[in-house]
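*Asks:* Below are the sequence and a predicted model for it; my questions follow.
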Amino acid sequence: MTGAPVVFVIDDDPSVRTSLKFLISTVGLQVESFDSAEAFLRGKLPDRPSCLVLDVRLHGMSGLDFQRELTARSLCIPIVFITGHGDIPMSVRAMKAGAVEFLTKPFRDQDLLDAIRIALERDQARRDQEKNATELQQCFDSLTPREQEVVSMVVSGMLNKQIAGQLGTAENTVKVHRSRAMAKMHAQSLADLVRMVEKLKHPSPNTA
Amino acid sequence: MQSWLRLLPRESASAGFGTYDERLQTLSKEDRARENDQRWRTAFENSAIGITIADFEGRFFAANSAFLNMLGYTESELYQLTFVDVTYEEDRKENLELVRELKEGARQSFQIEKRYYRKDGTLVWVRNNGALCPGMGEVEPFWFGIVEDITQRNRVEQELRSQIEVLQNIPAAAWTVTPDGRCDFVNDFFLDATGISREYIQSHPDAWSKSGDGDDLPPLFSGLSPQERDRVARLFWDGIRTGEGWAFEARYFHASDGTYHRYFERAVPLRDCQGRVFRFVGTRTDIEPLKRAQESLSESETRLEAFFENSPNLVFLKDRQGRYLHVNKEFKRALRVTEEQIKGKRDDEIFSWEQAATFQTNDRQVLEAGVPMEFEEVTVQEDGLHTSIVHKFPLLNAEGEINAIGGVVTDITERKRAEKELLSLRDELAAELTAMTRLHEFSIHLLGTQEFQLVLEKVLDAIIALQNADFGNIQLYNPETQALEIVAQRGFQQDFLEHFRSVRDSVAACGRAMKLRERVIIADVETDSEFAPHRHIAASVGFRAVQSTPLLSRGGAILGMLSTHFRRPHRPSLRDLRFTDLYARHAAEILERKQAQQLLQMTQMELARVSRLTTMGELAASIAHEVNQPLAAVTNYSSACLRLLAEGNLKPEILRRALEEIVADGTRASAVIARIRALIQKAPSERNQLDINEIIQEMLDLTGRELYENRVEIERQLTKPIPCVLGDRVELQQVILNLIMNGIEAMTAVTNRRRLLWVQTQMDESGNVLIAVRDSGSGIGLDADRIFTPFFTTKANGMGMGLSISRSLIEAHGGRLWATPNSPEGAAFYFTLPLTNGSP
């Protein structure tokens, strides 16, 4: 399915980078470090569950700006903020913008590792969801137009008879389309189908 | 004679004559002859004209009495003579010639005007008509002469002729007119004047010499202006008729310029010896120029008269003896004299003795000097004494002798009064200007010293001296308590100061003045009903009168009060008050300025402090960050190792590496701190030459309120002059402020003794400036140095940074800050500042 999770550490202080790498690796996670947000963006985002451990103070683009930039690019990688000095407004801003955690240096190792774990889980969940959505879309796309029509009518609560009347076909034809669609969509029940269609229409936001 | 008589018919006895012929027939021949004879004899005898009969030898043999009288001979005397004898020598030749002609028959008669010698030898002019009477019978031929005495007539005619000669030559139009009004002579001047030519007259004698028709005028008056004709005609004919002549002025046409000129004409009668007028002789003179001159003279006279009369100055004219000849209207009005009273009188007859004496002395001077002179004279007039400038000048006659004195009087009473006023005003202003200049210099000087308290005290002293007061005080208005608080005073004791510590009421003079924002004068506290509550204190202090002048800002807000007190009931004079106002204005200004200055200073300090804080804040943030990085690294490494250890996974090399990193980061952390400390301890932000006394004084001024409110007394012992130190003003201010505030705080609990803050500056042995701040507070205990540690505080809400920061600041200046207990109580803080900056 997906690769092993990876933690991206972005901090302009080298000793902080190396020490973090060291710490995080003790729990068996892979770590990749960058000294600036720009450096991270230059690279390619791997298709693995990942999260960011990000210092607010960076050379160049600050951590908070970077958070905004990621949102703008629709890059949904979860962030754990770390900072040498923090003030309440900053932390509030960061959290509101969707950070997983906001820790001040020096922090307790457990706090960091817990935050990373949550972040990765979130990322995993999002991925799964995305994958689901994609699959669902593919299934739907595999339906014939007629089948798609029938599906949308079915989930709106129309009876087969009504659908037949609407489409100007026989009820039976409707039934056939319906069962084929359901099979293609892997829906076990009408309720399933309704749920699926809902999901297709309104993909849920990728937040934790 | 007889023969002659025979010829003459006798005169008849009767008087009536009848014709000769008639008579002749009635009488006998002889009687008729005798009557005829008589008649002729009578006629001969009584004729008015002289009649002579002479023979051919010229001997007279008959002459009437008229002739005899004419020549003055008796009959018998005359008969001895011939007519040649009695004829004037020069006329003889002519006479004889005529006689010869007569003899020869060349003529029948002759007429001669000749002169006879009288018996007395004088001459007499006669007209002699001579006729030859041929003989008749026995009668021989004889001469018959009619002799008319023409002496008078000749004389007159001669005179006339000579007059005409004169008339011809006089430079006036002249003429003669006969008694019946005909003009028979005009002179050349007349002709020139009238433009009539002599040729005209000569060729039209009748036209010229006609006497005029009825009431009309003869041609003599041609040229007369038409309007005058009637009047002149009347005068002329009256003059002719009465024989008196005439005189008038009239306009005649003047040939030379073609205009009418005014002429004066006058004709006088010429009479003969009988008194009969035989001519009028007249002249006509062109008086036009004269008239014009007269008119213009009269015009200028009128003008001068008006000038003289209407001059606003008194003008007069006196003769040499000092008698008034003329005075003008103003003179009469001002000195209240009439024309009658003054004309011809001397000064001593009109004015008082003293005045007259002055006037006359001055007149004499002018007369003697002979030049115009100026005097100042005083006269008594209706409204009192008047001072005048009198210009007196001599008037000279044609010979250059002084014959009068003229005078023009200019009243300078008003001017003198104004001058006097001006002078006194000027003196007043000069005095005020001096006072104000002094005040100004004084205040500038004081401002320069920047000693606020001293300024107020000097103002107070000045006011007390000015008003001659016994006590005085200056209060400052505290806007927080809305009360007046005494900041400077002279002569009062503690009880007064306590009583009037903080005045809000409007009973005392100062309180009242504060409320009214106007000066309040209580001339006698005993009689001022409102002051009653304070009478006892006034009595104990010993003042009876008080005035309070508010010190107002330029915007009208109350800044303070300036009061003076007097032992006796007293009301300051207007002049005193005026000056007091000036000083009050000055004091108010000083207060305002000081307030503004203080405000500025405080703001500046606050600003500096805040900026420092901001910097500090930023510094703190940066410190935190800088330090937290390595710290984080250290904890990361450490916790990682602990984890691995827990898992039993810690390999020695990994541990080693981790520990190495830890050491490195730890070092880094302390390096950061060291660097930051060094940053703080670097040279102060500014380096200036500073007068520490000035800074101390500034801070004392700034804390004036706190000191006052906490009843802290200041004792200063500032060595002056003191060398300058090199440093940061704001930082040193902070240190001193810190020490002062600490001192005040330390004494808040003190109640049983004076709260004294003692500030001293001096030089120490090492040549540094030593500053000491001592208080009489609760003291610091034995471990004096502990108070300099950060976060040490005895204050409930203090941060405890003050002294530690102060110490850092002083050390940054190269000095030292320390404390010792003060004796008998309290704490003493000392710090040194080197003269040249020595950084550690």
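*Replies:* Great, that's in hand.

*Asks:* How many residues are close by residue 181?
*Replies:* Picked chain A for this. Residues contacting residue A:181 under the criterion other CB atoms under 10 Å in any protein chain shown number 24. Glycine gets a C-beta too; all of them are placed from N, C-alpha and C.

*Asks:* actually chain B
*Replies:* When neighbours are defined as other CB under 10 Å, residue B:181 has 19 of them.

*Asks:* I'd say it and residue B:218 touch.
*Replies:* Yes - with contact defined as CB atoms under 8 Å, residue B:181 and residue B:218 form a contacting pair (5.9 Å).

*Asks:* Name the helix or strand for the residue nearest in space to the middle of chain B, please.
*Replies:* Nearest to the geometric centre of chain B sits residue B:415, at 9.2 Å (CA atoms, centre = their mean). In this assignment (DSSP states H and E), residue B:415 forms part of helix B:413-449.

*Asks:* Could you show which parts of chain B are in contact with chain A?
*Replies:* Proximity of chain B to chain A is confined to B:621, B:624-637, B:639-640, B:642-644, B:647, B:649, B:658, B:661, B:664-665, B:668 under the rule CB under 8 Å from any CB of the partner chain.

*Asks:* Now the residue of chain A positioned farthest from its centre: closest residue in space, sequence neighbours ignored.
*Replies:* Most distant residue from the mean C-alpha position of chain A: residue A:170, 43.0 Å away (CA atoms, centre = their mean). Nearest residue to residue A:170 in three dimensions, chain neighbours excluded: residue A:164, at 5.8 Å (CB to CB, 6 or more residues apart in numbering or on different chains).

*Asks:* separation between the most far-flung residue of chain B relative to its centre and chain A?
*Replies:* Centroid-distance maximum for chain B: residue B:648 at 124.1 Å, with CA atoms, centre = their mean. According to CB to the nearest CB, to the nearest Å, residue B:648 and chain A sit 12 Å apart.

*Asks:* Torsion angles phi and psi at the residue nearest to the spatial centre of chain A?
*Replies:* Nearest to the mean C-alpha position of chain A, by CA atoms, centre = their mean, lies residue A:126 at 3.0 Å. Phi and psi for residue A:126, reported as degrees, to the nearest 10, are phi -60, psi -50.

*Asks:* ok, now how distant is it from chain B?
*Replies:* Relative to chain B, and taking CB to the nearest CB, residue A:126 is found at 28 Å.

*Asks:* gap between the residue nearest to the centre of chain B and residue B:376?
*Replies:* 12 Å (CB to CB, to the nearest Å).

*Asks:* Now do the contacts for residue B:221.
*Replies:* Taking CB atoms under 8 Å, 6 or more residues apart in numbering or on different chains, we find residue B:221 in contact with B:229, B:232, B:236.

*Asks:* would you turn these into JSON lines with pLDDT and secondary structure?
*Replies:* Shown next, in JSON lines, are the contacts of residue B:221 (pLDDT from 0 to 100; DSSP: H, G, I helix; E, B strand; the rest coil):
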{"residue": "B:229", "pLDDT": "88", "secondary structure": "helix"}
{"residue": "B:232", "pLDDT": "90", "secondary structure": "helix"}
{"residue": "B:236", "pLDDT": "89", "secondary structure": "helix"}
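
*Asks:* Same list (those residues) but as CSV, adding neighbour count.
*Replies:* Shown next, in CSV, are the contacts of residue B:221 (neighbours: other CB atoms under 10 Å in any protein chain shown):
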residue, neighbour count
B:229, 15
B:232, 21
B:236, 26
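
*Asks:* nearest to chain A, of those residues?
*Replies:* residue B:229 (134.0 Å; CB to the nearest CB).

*Asks:* Quick check: nearest residue in space to that closest one, chain neighbours excluded?
*Replies:* In space, residue B:229 is closest to residue B:217, 6.4 Å off (CB to CB, 6+ apart).

*Asks:* where does that neighbour fall, helix, sheet strand or coil?
*Replies:* coil (DSSP: H, G, I helix; E, B strand; the rest coil).

*Asks:* before we move on, back to that, buried sites along the helix or strand harbouring the residue nearest to residue A:170?
*Replies:* Residue A:164 belongs to helix A:160-167 when assigned by DSSP H and E. If you call a residue buried by 16 or more other CB atoms under 10 Å in any protein chain shown, then helix A:160-167 has these buried ones: A:160, A:163, A:164.

*Asks:* do stretch B:342-361 as well
*Replies:* B:342, B:345, B:346, B:347, B:351, B:355, B:356, B:358, B:359, B:360.

*Asks:* check contacts around the spatially closest residue to residue B:79 that is not a sequence neighbour.
*Replies:* The shortest distance from residue B:79 to any non-neighbouring residue, by CB to CB, 6+ apart, is to residue B:60 (5.6 Å). Residue B:60 is in contact with B:52, B:53, B:54, B:78, B:79, B:81, B:82, B:83, counting by CB under 8 Å, 6+ apart.

*Asks:* Wasn't residue B:60 part of a helix?
*Replies:* No - if the criterion is three-state DSSP, then residue B:60 is strand and not within a helix.

*Asks:* Neighbours of residue 180, how many?
*Replies:* No chain in the question, so chain A it is. Residue A:180 has 15 neighbours, counted by other CB under 10 Å.

*Asks:* nope, chain B please
*Replies:* Neighbours around residue B:180, by other CB under 10 Å: 7.
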